[in-house]
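In: Everything below, folded, please.
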Amino acid sequence: MLTRRIGEVEVSAIGLGGMPLSVEGRPDRERALATVRAAVEAGVTLIDTADAYSKDDTDFGHNEELIAEALRGLGSAGADVFVATKGGHTRTPGGGWGLNGSPEYLRSACDASLKRLGVEAIDLYQFHRPDPSVPLADSFGTIAELLDAGKIKQAGISNFDPDEIKLANEVLGGRLAAVQNQFSPAYRSSEPELELCAELGIAFLPWSPLGGIGKAGGLGEVNSAFIEVAEAHDASPQQVCLAWMLAKAPVVIPIPGSSRPESIRDSAAATHVELTADELARLD
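Out: Okay, the predicted model is just below:
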């Protein structure tokens, strides 16, 4: 499979977003574990998770525990997978979402993630989303502390704008390794962040690259060219979408979510789709 870099680490150019395996509407555990296994068997070496990927506050950390269980079951193949997780989101009773970017919370969240993942250091730890009640520099500074302490190997942020990305990189002393923002054919407002990451050499991980949970089949409604180009390549519209994204910049690493082995196998094969300049222009 085509590879890309997060910092100095080489990973597959397509990752697996773990969120659909743990939130409301998630598959049963056996199918969830089978989906992770299928991803690794298809050549995926990057899995993105978060402590907050759960149904609600009662099973907080569900996705991290699931990913860890699946990778342990894969032996040496699982040990070679690069796992990215996030902290700073909370869950509330009834399935709501909250925020906590305080230094105290982020430190404790990182420790809990280390335990759930069963590792001595997290491959990539990302501050999940800005907390308006906490100065960003304080939150970013805590991520820098975790990096300095060796609890995380690389640092990232998720859901931030260009000025905030620059601030994070400054606070981290130029060590910001990745930015994870929403980006898809239907949601292109993160294009400036993508371009900034390309300029700075920071990995850009589009979340919900196919439109989000339950929306991957609607790519043709956004732009019929995805269906037309897919037919010309004997590929799926989803594969064409991911190939289009990969062509945007060498720092782009889409992380499509999946709850079925078949869908992650399809996504992983997107690295074999080579689009022409004319096709890319049509899709744009």
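In: Okay, helices next: where are they in the stretch 151-284 of the chain?
Out: Residue ranges of the helices in the stretch 151-284 of the chain, as given by DSSP state H, counting those that start in this stretch, are 162-171, 191-200, 219-222, 225-233, 237-246, 261-268, 277-283.
In: By mean pLDDT, which helix or strand of this structure comes out lowest?
Out: helix 219-222 (a mean of 84; mean pLDDT, DSSP states H and E).
In: starting at the chain centroid, how far to that one?
Out: 22 Å (Cα atoms, centre = their mean, to the nearest Å).
In: Is Pro254 in contact with Leu242, as I believe?
Out: Yes - using Cβ atoms under 8 Å, Pro254 is in contact with Leu242, at 5.2 Å. For the C-beta atoms, the positions are set from N, CA and C on the backbone; glycine is no exception.
In: overlap in contacts of those two?
Out: Here Pro254 and Leu242 share the contacting residues Ile14, Pro209, Ser267, scored by Cβ atoms under 8 Å, 6 or more residues apart in numbering.
In: Ignoring the adjacent residues along the chain, who's closest to the last one?
Out: Nearest residue to Ser267, sequence neighbours excluded (Cβ to Cβ, 6 or more residues apart in numbering): Pro256, at 4.6 Å.
In: gap between the one you found and Phe140?
Out: According to Cβ to Cβ, to the nearest Å, Pro256 and Phe140 sit 28 Å apart.
In: neighbours around Asp131, how many?
Out: Using other Cβ atoms under 10 Å, the number of residues around Asp131 comes to 21.
In: which regions of this protein sit below the pLDDT cut-off?
Out: Judged by pLDDT under 70, the chain has no weakly predicted residues.
In: hey, where'd the strands end up in it?
Out: Using DSSP state E, the strands of the chain run over residues 3-6, 9-12, 16-17, 46-48, 82-87, 89-92, 96-99, 124-127, 155-158, 176-180, 203-204.
In: if you compare those, which one is most tucked away?
Out: For the strands of the chain, the largest average neighbour count (mean count of other Cβ atoms under 10 Å) is found in strand 16-17, namely a mean of 29.
In: if we can go back for a sec, could you export the helices of the stretch 151-284 of the chain as TSV, including distance to Arg91 and mean neighbour count?
Out: Output for the helices of the stretch 151-284 of the chain, formatted as TSV (distance: least, Cβ to Cβ, whole Å; neighbours: other Cβ atoms under 10 Å):
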stretch	distance to Arg91	mean neighbour count
helix 162-171	24	17
helix 191-200	26	17
helix 219-222	30	16
helix 225-233	34	17
helix 237-246	29	25
helix 261-268	25	21
helix 277-283	36	14
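In: got a list of what the closest residue to Lys166 other than its chain neighbours touches?
Out: Closest residue to Lys166 apart from its sequence neighbours, by Cβ to Cβ, 6+ apart: Leu196 at 7.6 Å. Taking Cβ under 8 Å, 6+ apart, we find Leu196 in contact with Pro162, Ile165, Lys166, Ile202.
In: which one among those residues gets closest to Val23?
Out: Distance to Val23, by Cβ to Cβ, is smallest for Ile165 among these, at 26.4 Å.
In: That closest one contacts Glu195, correct?
Out: No - judged on Cβ under 8 Å, Ile165 makes no contact with Glu195 at a distance of 10.9 Å.
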